[in-house]
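[1] Prediction below, plus the sequence it came from.
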Amino acid sequence: MKRIFSGIQPTGEIHLGNYVGAIRNWAYLQDDYDCIFCVVDYHAITIEYPVEEMKRRTLDTAIILLACGLTPERSKIFVQSHVPEHTELAWIFNTVTPIGEVERMTQFKDKARQHRANINMGLMDYPVLQAADILLYKAGYVPVGEDQVQHIELCREVARKFNTRFTPIFPEPEELLSMAPRILGVDGQSKMSKSLGNYIGVLEEDDVVWEKLRTAVTDVNRVRRKDPGNPEVCNIYTIHRAFSDNAMLIEIDRGCTSAGIGCIDCKKMLFENVKRELTPVREKARELEKNMDYVVDVLEKGADACREIAHATMEEVRATLGLYPPR
Ligand code: TRP
């Protein structure tokens, strides 16, 4: 079976953007691929973070993955730092990665701008570690959001550079983009993100979700209720496309463009659909929280299985490099 690898940062709070753009898609893919999903804590330390919260955030992220339908029967789920070969392979990849390539990564440039006080080597090396994540398991497919495509392209380049400088042992993985549209934050301006504070959390209570939706920015040109709106430029409509069926989308499109329905009506319909989909996720998360032994167990078994694959790849890599092996 074809292998998939993907990773998610332990930010502690997973939002609708992560859910629609990545995790929901991962759950579907489990049926057709050999899946590995990783909580990438070594990536997360490239920016400032509250040290005392990292353990909790890592477990919370694992809980969300399981609550969204990933299962240890079908997927390997683990924490990146539990398999040290990730960083080992990243070091080796550093020696085939052109500096110019990582310097032009948009995520690096964005983060360097946002975190001027600590523009560290790790921030620049981030996509190289990501390439190591993927290639350590020789995964052929990487389900990610659109913002990660540039990193997957770099991963292919790293594989290519390694293969030509040494021996061709790595595949050139392809991104698998989810069909879902890219969701902006409730400000209707920027990508939904935890750090920008414009997010709706997957585990947030109904009243909080409604308050965020109620006040969310729609088509800015629709000022009065009687103005017709344009769904194409409305972020609420985009979110509808991720949660509502075709019949409702048509109804909203007609209602909005003819001013037959107002933004609040439209948001109420969206809220009901989001609630229907996320209520079972929240219930499952609450259940898992009372059963942390199970969660820890899943992560341990995942890491055990991944360590085995990682170990084999590293043996092959070191041999390929011509290194003198230990006895
Ligand atoms: N950079 C990814 C993100 O921010 C997370 C990630 C780390 C990842 N390693 C990965 C995704 C490997 C796919 C494959 O979303």
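    Received it, and whenever you're ready, just let me know what you need. Residues are numbered from 1 along each chain as shown.

[2] Provide a list of residues in contact with the residue of the chain found nearest the ligand.
    Of all residues in the chain, Gly7 sits closest to the ligand, at 3.1 Å by Cβ to the nearest ligand atom. C-betas here are computed from N, CA, C, even on glycine. By Cβ atoms under 8 Å, 6 or more residues apart in numbering, the contact list for Gly7 reads Phe37, Cys38, Val39, Val40, His43, Gln80, Gln130, Asp133.

[3] can you give me the helices in the protein?
    Counting by DSSP state H, the segments of the chain that form helices are 16-18, 24-29, 41-44, 54-67, 85-94, 99-103, 106-114, 121-135, 149-165, 206-214, 235-243, 246-257, 263-289, 292-321.

[4] Out of these, which is the most enclosed?
    Stretch with highest mean neighbour count among these: helix 16-18 (a mean of 25; mean count of other Cβ atoms under 10 Å).

[5] Just name the closest of the contacts of Gly7 to Ala242, please.
    Nearest to Ala242 out of these is Phe37 (Cβ to Cβ; 20.4 Å).

[6] Tell me, how many residues neighbour that closest one?
    24 (other Cβ atoms under 10 Å).

[7] which parts of the stretch 1-150 of the chain sit against the ligand?
    Within the stretch 1-150 of the chain, the positions adjacent to the ligand are Phe5, Ser6, Gly7, Gln9, Val40, His43, Gln130, Asp133, Ile134, Val142, Val144, Gln148 by Cβ under 6 Å from any ligand atom.

[8] Please name the nearest non-neighbouring residue to the second one.
    Residue nearest to Ser6 in three dimensions, not counting chain neighbours: Pro143, with 5.1 Å by Cβ to Cβ, 6 or more residues apart in numbering.

[9] Likewise for the fifth one?
    On the basis of Cβ to Cβ, 6+ apart, the spatially nearest residue to Val40 that is not a chain neighbour turns out to be Gly7, at 4.1 Å.

[10] and that neighbour, what are its bridge partners?
    Residues in a beta bridge with Gly7, per DSSP bridges, are Cys38.

[11] And it, how far from Phe166?
    Separation of Gly7 from Phe166 (Cβ to Cβ, to the nearest Å): 25 Å.

[12] any idea how this protein splits into domains?
    3-183+292-321, 206-286 (automatic domain parsing).

[13] Make TSV from those and add mean pLDDT to it.
    As requested, the domains of the chain are exported to TSV (pLDDT from 0 to 100):
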stretch	mean pLDDT
domain 3-183+292-321	96
domain 206-286	96
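
[14] Quick one: neighbours of Ile261, just the number.
    Neighbour count of Ile261, defined by other Cβ under 10 Å: 17.

[15] So it is in contact with Met248, correct?
    No - using Cβ atoms under 8 Å as the test, Ile261 is too far from Met248 to be in contact (11.2 Å).

[16] quick revisit: could you dump the domains of the chain to TSV with distance to Ser195?
    Below are those laid out as TSV (distance: least, Cβ to Cβ, whole Å):
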stretch	distance to Ser195
domain 3-183+292-321	8
domain 206-286	16
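
[17] what about these, which gets the closest to Tyr199?
    Closest among the domains of the chain, using Cβ to Cβ: domain 3-183+292-321, at 3.7 Å.

[18] What residues does Thr46 make contact with?
    With Cβ under 8 Å, 6+ apart, Thr46 has these contacts: Lys111, Asn120, Gly122, Leu123, Asp125, Tyr126.

[19] make it 10 Å
    9, 108, 111, 115, 118-126, 129 (Cβ atoms under 10 Å, 6 or more residues apart in numbering).
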